[in-house]
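Just need the structure, nothing else, for what follows:
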Amino acid sequence: MECHPEFLLCWRTRSLHGPCPVTTFGPKACMLQNPKTIMHIQDPASQRLTWNKPPKSVLVIKKIRDASLLQPFKELCVYLTEENNMIVYVEKKVLEDPAIANDENFGPVKKKFCTFREDYDDISNQIDFIICLGGDGTLLYASSLFQGSVPPVMAFHLGSLGFLTPFNFENFQSQVTQVIEGNAALVLRSRLKVKVVKEHREKLTVQNGIEENGVVSANLEKEVGKQIMQYQVLNEVVVDRGPSSYLSNVDVFLNGHLITTVQGDGVIVSTPTGSTAYAAAAGASMIHPNVPAIMITPICPHSLSFRPIVVPAGVELKIMLSPDARNTAWVSFDGRKRQEICHGDSISITTSCYPLPSICFRDPVSDWFESLAECLHWNVRKKQNNFAVEEEEF
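Presented below is the predicted three-dimensional model:
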């Protein structure tokens, strides 16, 4: 097979390390440049937050339907509005909680809020930084709200697992003040840029279920074009067999070349951040978020030799139903926007140039190993005892 010269030139000049991440986060935040960087590669431990202008607006994301978060939410909002004179953005459905809506003492603070609705209001250029109250899901939700540059995210551990939420709420005032002053370490969590191309099908309604020739008709589908959807994904893209009892049968292409066909329950394509989530449960290695990589992990493959693999961050993956597939597949993005994939549809995945800048409690390395120990109990084992009595030498 011959390739066009322009195609070869394109892939030869493309970096396998992925796109250079954008280091401006929202309207006012950026990463402090380190003059001691070598070959333009900055030490992850030296990544620091700085502000071009003092931050004035903050988005507060609260886990919905959790009564234990009401008091921390109110305390944080009072501190931000009254003591720091910040403009606080809150999702409209958060304020519809009866415990908040009926609280007369909280009324004066609530009147100062700016509200928005997901999928209706664009707040991407209005938020200076984000504070999450809840578990890891709040951080994933914050990522989904920003399809371009993401403001810095400060996540408080008020949920169940808390692998991605390093801050405790007890001393939130001093910790928030440090962030506002620009005194904080950052970890840039790479995201996946995903494009789903679907063959648009229009179902034709036949009166009484009978065609003109008198034959009973099934549901007809007519090709009327293509539908394209794009997503920014923080954890993983999951392709699975859905409700079907058959094996999923999907082809995986890397830079245009077929590398394998997945026959099993499905496949997970994850970021290093997602390597400690669903991928870890499926047997993948856990990778530090500063490592530029994409993980491909099969879900219950019907093969004894299908091991999870790690590929460079700069490659482009494409997933399609195999021509021999007996059923359709289903895809989800960070557990959301679940949809069916049919023959002719495709899912293209590569590393996004818009990472999520997550504010660290200490530094990227210490926070990650502490989360491994505290949340996943990594390598927990009763220690072996030493010899009680030294053997005598003869």
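
Show me the domain layout of this structure.
As recorded under automatic domain parsing, the domains making up the chain are 24-189, 192-206+220-351.

which stretch among these comes nearest Trp378?
domain 192-206+220-351 (7.8 Å; CB to CB). For every residue, glycine as well, the C-beta is placed using N, CA and C.

For the closest one, measure first residue to last.
From its first residue to its last, domain 192-206+220-351 covers 5 Å (CA to CA, to the nearest Å).

Which stretch among the domains of the chain approaches Asn386 most closely?
With CB to CB, the closest approach to Asn386 among the domains of the chain belongs to domain 192-206+220-351: 30.1 Å.

which stretches of the stretch 151-300 of the chain form helices?
172-180, 278-281 (DSSP state H, counting those that start in this stretch).

most tightly surrounded among those?
Of all these, helix 278-281 has the most neighbours on average by mean count of other CB atoms under 10 Å, namely a mean of 19.

got the CA coordinates for it in PDB?
What follows is helix 278-281 as a C-alpha-only set of coordinates in PDB (Å, rounded to 0.1, in the frame of the first residue of the first chain):
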ATOM      1  CA  TYR A 278     -11.900   2.100  35.700                       C
ATOM      2  CA  ALA A 279      -8.600   1.100  34.000                       C
ATOM      3  CA  ALA A 280      -7.000   0.100  37.300                       C
ATOM      4  CA  ALA A 281     -10.000  -2.100  38.000                       C
END
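
counting contacts, what elements does it pack onto?
strand 236-240, strand 257-270 (3 or more CB pairs under 8 Å, 6 or more residues apart in numbering; DSSP states H and E).

Show me which positions of the longest one end up buried.
Within strand 257-270, the residues that qualify as buried are Thr260, Val262, Gln263, Gly264, Asp265, Gly266, Val267, Ile268, Val269, Ser270, counting by 16 or more other CB atoms under 10 Å.

just stretch 374-390 next, same as before
Per 16+ other CB under 10 Å, stretch 374-390 contains these buried residues: Cys375.

if we look at that stretch, which residues are touching it?
With contact meaning CB atoms under 8 Å, 6 or more residues apart in numbering, stretch 374-390 is reached by Leu161, Gly162, Phe163, Thr276, Ala280, Met286, Leu372, Ala373.

Just the buried residues of those residues.
The neighbour-count test (16+ other CB under 10 Å) marks Leu161, Gly162, Phe163, Thr276, Ala280, Leu372 as buried among those.

Go through those and name the one nearest Thr177.
The closest of these to Thr177 turns out to be Gly162 (CB to CB; 22.2 Å).

now that closest one: how far from Gly135?
As judged by CB to CB, to the nearest Å, Gly162 and Gly135 stand 6 Å apart.

of all the domains of the chain, which lies closest to Ser366?
domain 24-189 (9.1 Å).

average pLDDT for the closest one?
The average pLDDT for domain 24-189 rounds to 89.

Would you mind giving the domains of the chain as a markdown table with distance to Asp367 added?
Compiled in a markdown table, the domains of the chain are given as follows (distance: least, CB to CB, whole Å):
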| stretch | distance to Asp367 |
| --- | --- |
| domain 24-189 | 5 |
| domain 192-206+220-351 | 10 |
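
So which of these is nearest Ile359?
domain 24-189 (4.6 Å).

Endpoints of the closest one, how far apart?
Domain 24-189 has its terminal residues 14 Å apart, counting by CA to CA.

I figured Ala325 hits Ser244, correct?
No. The criterion here is CB atoms under 8 Å, and Ala325 misses it with Ser244 at 9.8 Å.

And these two? Which one has more around it.
Between Ala325 and Ser244, counting by other CB atoms under 10 Å, Ala325 is the more crowded of the two (22 against 14).

Wasn't that one part of a helix?
No. Counting by DSSP: H, G, I helix; E, B strand; the rest coil, Ala325 is located in no helix; its state is coil.

Please identify every residue contacting each of Ala325 and Ser244.
When contacts are counted by CB under 8 Å, 6+ apart, Ala325 and Ser244 have no shared neighbour.

returning to that earlier point: tell me which two of the buried ones among the contacts of stretch 374-390 sit farthest apart.
Gly162 and Ala280 (15.3 Å).

Count residues in the vicinity of Asn171, would you?
Neighbour number of Asn171 under other CB under 10 Å is 9.

What are the phi and psi values at it?
For Asn171, the backbone dihedrals are phi -110, psi 50 (criterion: degrees, to the nearest 10).

Fine by me, we can end here.
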